[in-house]
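1. Structure of the sequence below:
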Amino acid sequence: MNLDLPGASVKLADGTFIFNWHRFGVLDLSVTRCTSLHSRAHGQPGEVQLIFWFRPEGTSEGASGMLMVRVDVPTQYAASAVRFMTEVRARYGILGPPDDGDQEDAVSRIPRDDPNWITGSTNADSEELYAEIFDRITTEPAP
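-> Numbering: from 1, shown residues only. Sure thing, here's the model as predicted:
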């Protein structure tokens, strides 16, 4: 199964997702590590974004997704992207959006309109440091 887009492609071959951002890089991840796949409206009217969640390598099948890959899809490819998503979900038993709202909150600082991000969850120490720095920025006057 293939989804070819301008500047990027997503292929599923021999049980492996192959994300190819032309001239930028390639990411290969086993379909067995995909915990969720869904789409959402994004950008201009008619555009969508496919959102893939993957669990870390070596974790059990019940583990939640920690790596998120977002693929922006222009309007003219939206129908193909939804067909690709539907076929992949049906063939491999991949779920829709995760019920865990915390996953989305953990990456809310990552720009949704930038197609060049691959994200993963942060650990608690990083989140605590971020919260402390952000609090200082918002409460302390600038010099």
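2. And the helix or strand hosting residue 88, what does it pack against?
-> Taking DSSP states H and E as the criterion, residue 88 maps to helix 78-92. Secondary-structure packing of helix 78-92 (3 or more CB pairs under 8 Å, 6 or more residues apart in numbering; DSSP states H and E): strand 2-5, strand 34-41, strand 48-54. C-beta here means a position set from N, CA and C on the backbone, and glycine is covered the same way.
3. out of those, nearest to residue 129?
-> strand 48-54 (24.4 Å; CB to CB).
4. which neighbours does the closest one have in its sheet, and in what orientation?
-> If you go by DSSP bridges, strand 48-54 pairs up with strand 34-41 (antiparallel), strand 67-73 (antiparallel).
5. what's the angle between it and helix 78-92?
-> Angle, strand 48-54 to helix 78-92, by axes from the mean of the first three to the mean of the last three CA atoms, to 10 degrees: 30 degrees.
6. and for strand 48-54, what are the contacting residues?
-> 3, 10, 17, 29, 33-43, 64-73, 78, 81-82, 84-85, 97-98, 103, 112 (CB atoms under 8 Å, 6 or more residues apart in numbering).
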